[in-house]
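A.B. asks: sequence-free structure coming up:
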C-alpha cells in the first residue's frame, strides 16, 4: 500500500470523526430544548448511527489490512449517507437551531464522500 493511499485513508477517518461529532452535537443542541440530550423515538436512530460511525472511525486507526480498510471506508460512507437521509424520511427531527450545523456538516459530508471514494478507487486493485 502506498503512502498516498494511507494519507487518504487517515483523512477519511479524521473527517468521519469530525462529521460524527458534529452530528452528535447537532442532536444534543438542536433537539434538546434547554435540557440537553433528548432521547425519544425521533432522535434515537440518529444517535445510534452517529455513535456507531464515531466509534468505527476511532477504532479503525489500527487497521493494517487493505480489505479491512476498504470495508471500514465503505461502512463510513454508508453511515454518513444514512445520517444525512434520516431527516428527509422523518426518522429524525430537529428544531430551528439545526441550521447552525447545516454548513459544517454538509462540508464534512462532501469531504468524506470525496476522500472515501478516492481511497476506494485507488485501492480497488490491491488485495
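C.D. replies: Arrived safely, thanks for sending. Keep in mind that what you see is a predicted model, and the values were worked out from it rather than measured.
A.B. asks: what's residue 82 in contact with, if anything?
C.D. replies: The contact partners of residue 82, by CB atoms under 8 Å, 6 or more residues apart in numbering, come to residue 49. The way it works is simple: take the backbone N, C-alpha and C, and place the C-beta from them, glycine included.
A.B. asks: distance between the helix or strand where residue 81 lies and the chain's centre?
C.D. replies: Applying DSSP states H and E as the criterion places residue 81 in helix 66-85. Centre-to-centre, helix 66-85 and its host chain are 8 Å apart (CA atoms, centre = their mean, to the nearest Å).
A.B. asks: tell me the mean pLDDT over the lengthiest helix in the chain?
C.D. replies: Counting residues, the longest helix in the chain under DSSP state H turns out to be helix 3-31. The pLDDT scores in helix 3-31 average 88.
A.B. asks: give the contact list for residue 11.
C.D. replies: Neighbour list for residue 11: residue 115 [criterion: CB under 8 Å, 6+ apart].
A.B. asks: then residue 2?
C.D. replies: Contacts of residue 2 by CB under 8 Å, 6+ apart: none found.
A.B. asks: tell me how far it lies from residue 15.
C.D. replies: 20 Å (CB to CB, to the nearest Å).
A.B. asks: still on that earlier bit, average model confidence for the very next helix or strand once past the longest helix of the chain?
C.D. replies: Using DSSP H and E, the helix or strand that follows helix 3-31 in sequence is helix 44-59. Across helix 44-59, pLDDT averages out at 92.
A.B. asks: and the angle for helix 44-59 with helix 3-31?
C.D. replies: 150 degrees (axes from the mean of the first three to the mean of the last three CA atoms, to 10 degrees).
A.B. asks: what packs against helix 44-59?
C.D. replies: helix 3-31, helix 66-85 (3 or more CB pairs under 8 Å, 6 or more residues apart in numbering; DSSP states H and E).
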